[in-house]
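# turn this into a model:
(chains A, B, C and D)
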Protein chains: 2
Amino acid sequence: MTTDNARLPTLEDVARLAGVSRATVSRVINGIRNVNPELHEVVWNAVHATGYVANRAARSLVTRRTGTIALVVSDSESHDDDPFMSRFFSDPFFGRVVGGLLSALRPAGVQLALQLVGADQARARLVGDLRQGQADGSVVLSLHPGDTLPQLLADAGLPGVVIGRPARPVPISHVDVANDQGAALAADHLVARGRRRIGMVTGPVDVPASVDRIAGFNAAMARHGQSYVPSATGNFTHESGERAMRELLVDHPDLDGVFVANDLMAQGGLNALQELGRRVPADVAVVGFDDSSAALAARPQLTTVRQPLEDMAAEAVRLLLARVDDPTLASTSVVFAPELVVRASS
Amino acid sequence: MTTDNARLPTLEDVARLAGVSRATVSRVINGIRNVNPELHEVVWNAVHATGYVANRAARSLVTRRTGTIALVVSDSESHDDDPFMSRFFSDPFFGRVVGGLLSALRPAGVQLALQLVGADQARARLVGDLRQGQADGSVVLSLHPGDTLPQLLADAGLPGVVIGRPARPVPISHVDVANDQGAALAADHLVARGRRRIGMVTGPVDVPASVDRIAGFNAAMARHGQSYVPSATGNFTHESGERAMRELLVDHPDLDGVFVANDLMAQGGLNALQELGRRVPADVAVVGFDDSSAALAARPQLTTVRQPLEDMAAEAVRLLLARVDDPTLASTSVVFAPELVVRASS
DNA sequence: ACGGGTGCGGAGAGCGCTCTCCGCCCGCGA
DNA sequence: TCGCGGGCGGAGAGCGCTCTCCGCACCCGT
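Numbers count the residues shown, from 1 in each chain, chains lettered A, B, ... in the order given. Next up is the predicted model:
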């Protein structure tokens, strides 16, 4: 029933059928150099007749290219059975990045391989594997602040693009959104809505994206004359947002506006506000960040700062592929502009 | 700065340093056959001294194994810029499957490659690529009912496991949850809660998982003496759930219990119920399906039928790797038992 | 003491492709 | 007519690995 044992056609087979040499078939397939148009057609016919598909391994062996790039999800700890991982994968953030990468990779005919890496030991091994033909380059999604991976990649001279600004400056390309500007957008909006006692639910205080949002928000609020911004800290999950919002309102019951550093937490925060008897936006206006599916699922729907993750992922691919094509290219970074999306929560 | 141009160490280099032949180094590295313990150590020392990492392409070329399996997301249409795709990737469903696959793949040292496939033409090409060393096998996530991919894989004799029952029986392994039993669990629960006028928000009427849930629910309700179940159809998204729930309650204002075929739609349904002035669960009890993160994010938190997606994905990997190891293995299918998780919505 | 089995390391033939080098043929200029 | 350059196809050498085959050394039984 299966044709498993039937050896797959090789270049040799195609060449024999077409009555030419392997080299010529290879030239036709790869579009290298001019080949006599008649031969060209004869070869293509033979290719189709045999159902020939080039063997990736053989090709990679000589070209030293894999036609694959890796999406490396780098976390600080081992996550065998770590619930955090499944939480992260369920986060719309991950899905949007994957979608953006795939859509940009597809036209280039490049594969995407998923790599999870925890312990530092694994990080070193990963770099070894990467050099030795796992992938032509990697997109790094780093989940913890002091991650050594970007530096390791840079040191090894491997093409790589980090999504989000690395905690410490590293000579590696990255794409990011202007988190500080985004947070400022939220601040300006809340103030424009007439809110005067504004607080914030932050993300982890060591993650760059989170740090930038905090800084941007505080700076903007200072410009508006509110130098102290009450805040509570979450970890970007729904539950932590609910908890943090409750804390914040217990300590500062008079708040009439809250910026929450991502939509998932904002959604949780909405639940807390409702349980505390606050109407949104009448009593308290809420602004989230990301413009993820959670913003639309929430009630009221969230006003939020849109982060163009799909575009950022696509740009990461562009930078990466350019670097793969020309390894001498210097690392570049692209920072996207955030955008305020006004909905019912403010 | 980079060591790019420095040729990476090969087996030959290690062999020379260790004073043995390539074959011996290969044997040590792959743990094949006994090798004199002293030599064994000498070789490992040489491996570490050189920082040797085996070249994947070269190894694949001869072993005809890639150490990679593909996660194929198969949809009916081309999805360049298709918003549906990004919606799908954002769905916790996708994340949970990926997480489950990775956690099972990691101990086996196998890579995961992501493949999106739309048009039928692309499907044929994919099969060609797969045969020719893209991957050792594939896990198929099929998003549309009459998908030809499972059949194509079976015909080509390629190892593959489908997540979810294929619409038409195909000689290929699959893992699934007993959707009908799960729906029955929901029905029994609603009845046990004293609900007497029970409706359903279904998924698309052609998707197997959805069909099974409908059939299971209707059968169970019939056993409880309610032979007609009012229903409205959604497409598994949040918005469609909201819309369907509204339709359902407009047509049948007296319903006091609704089973919604997945959590995302149930969450949307909750919003609709609230806007219609129904209290949940006092006026209307709601039961979802999946036990995804949406169930916990919803207010009230959703009673739902748990689908052990991570375990299913892990089982898919197990079946697949077994099949890769022994291609003569017949296809097997595993159906998981669903579980009712009672929360506040019922 | 001798034949044969066993265990372990080396030699070398590929796996299927790309790409450099070479040689052929044709056309052009002198 | 002959020489020469350019364009196009073929030959063949690898890429780095695995694995079969072979030979050697050693141990057993008779």
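# contacts, neighbours, all on C-alpha from now
Noted.
# the helices in the stretch 101-250 of chain A, which residues?
Applying DSSP state H, counting those that start in this stretch to the stretch 101-250 of chain A gives helices spanning A:120-129, A:149-156, A:179-192, A:208-223, A:238-251.
# give the other helices and strands that the shortest one contacts.
If you count contacts as 3 or more C-alpha pairs under 8 Å, 6 or more residues apart in numbering or on different chains; DSSP states H and E, helix A:149-156 packs onto helix A:120-129, strand A:160-163.
# and the one helix or strand A:V335 maps to, what's buried?
Using DSSP states H and E, A:V335 falls within strand A:333-336. Neighbour counts over strand A:333-336 (16 or more other C-alpha atoms under 10 Å in any protein chain shown) mark A:S333, A:V334, A:F336 as buried.
# cool, stretch A:46-60 as well?
A:A46, A:V47, A:T50, A:Y52, A:V53, A:A54, A:N55, A:R56, A:A57, A:A58, A:S60.
# hmm, who's touching it?
Residues outside stretch A:46-60 that contact it (C-alpha atoms under 8 Å, 6 or more residues apart in numbering or on different chains): A:8-11, A:13-15, A:17-18, A:65-66, B:56-58, B:60-61, B:128-129, B:132-134.
# on that earlier part again, go back to the buried residues of stretch A:46-60 and keep what's next to DNA strand D.
A:A58 (C-alpha under 7 Å from any atom of the strand).
# reformat the buried residues of stretch A:46-60 as a markdown table; add secondary structure and pLDDT.
Formatted as a markdown table, these follow (DSSP: H, G, I helix; E, B strand; the rest coil; pLDDT from 0 to 100):
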| residue | secondary structure | pLDDT |
| --- | --- | --- |
| A:A46 | helix | 91 |
| A:V47 | helix | 93 |
| A:T50 | helix | 92 |
| A:Y52 | coil | 94 |
| A:V53 | coil | 93 |
| A:A54 | coil | 94 |
| A:N55 | coil | 94 |
| A:R56 | helix | 94 |
| A:A57 | helix | 94 |
| A:A58 | helix | 95 |
| A:S60 | helix | 94 |
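# nearest to A:G277 among the buried residues of stretch A:46-60?
A:R56 (61.5 Å; C-alpha to C-alpha).
# neighbours of A:E275, just the number please.
11 (other C-alpha atoms under 10 Å in any protein chain shown).
# kindly apply the preceding question to A:E38 instead.
A:E38, neighbours per other C-alpha under 10 Å, totals 8.
# list phi and psi for it.
Backbone torsions of A:E38, given as degrees, to the nearest 10, read phi -60, psi -50.
# ok, it to A:W44 distance?
Distance, A:E38 to A:W44, by C-alpha to C-alpha, to the nearest Å: 10 Å.
# before we move on, what about A:S292?
47 Å.
# out of the two, which sits in the busier spot?
Using other C-alpha under 10 Å as the criterion, A:S292 and A:W44 rank with A:S292 on top: 25 against 17.
# hmm, the more buried one is touching A:P92, no?
Yes. Counting by C-alpha atoms under 8 Å, A:P92 is a contact partner of A:S292 at 6.4 Å.
# which helix or strand contains A:E315?
Applying DSSP H and E, one finds A:E315 within helix A:309-325.
# any buried residues in that helix, and which?
Applying 16+ other C-alpha under 10 Å to helix A:309-325 flags A:309-321, A:323-324 as buried.
# and DNA strand C, which of those residues reach it?
Within those, nothing lies near DNA strand C by C-alpha under 7 Å from any atom of the strand.
# and which of these is nearest DNA strand C?
A:V324 (14.3 Å; C-alpha to the nearest atom of the strand).
# that closest one and A:S138 touch, don't they?
No. Assessed by C-alpha under 8 Å, A:V324 is found out of contact with A:S138, at 10.0 Å.
# now the common contact residues for those two.
Joint contacts of A:V324 and A:S138 (C-alpha under 8 Å, 6+ apart) are A:P159.
# could I get the buried residues of strand A:333-336 as CSV with pLDDT and distance to B:S74?
Formatted as CSV, the buried residues of strand A:333-336 follow (pLDDT from 0 to 100; distance: C-alpha to C-alpha, whole Å):
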residue, pLDDT, distance to B:S74
A:S333, 95, 34
A:V334, 97, 32
A:F336, 98, 31
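# does A:N34 sit in a helix, a strand or a coil?
Here A:N34 is recorded as coil under DSSP: H, G, I helix; E, B strand; the rest coil.
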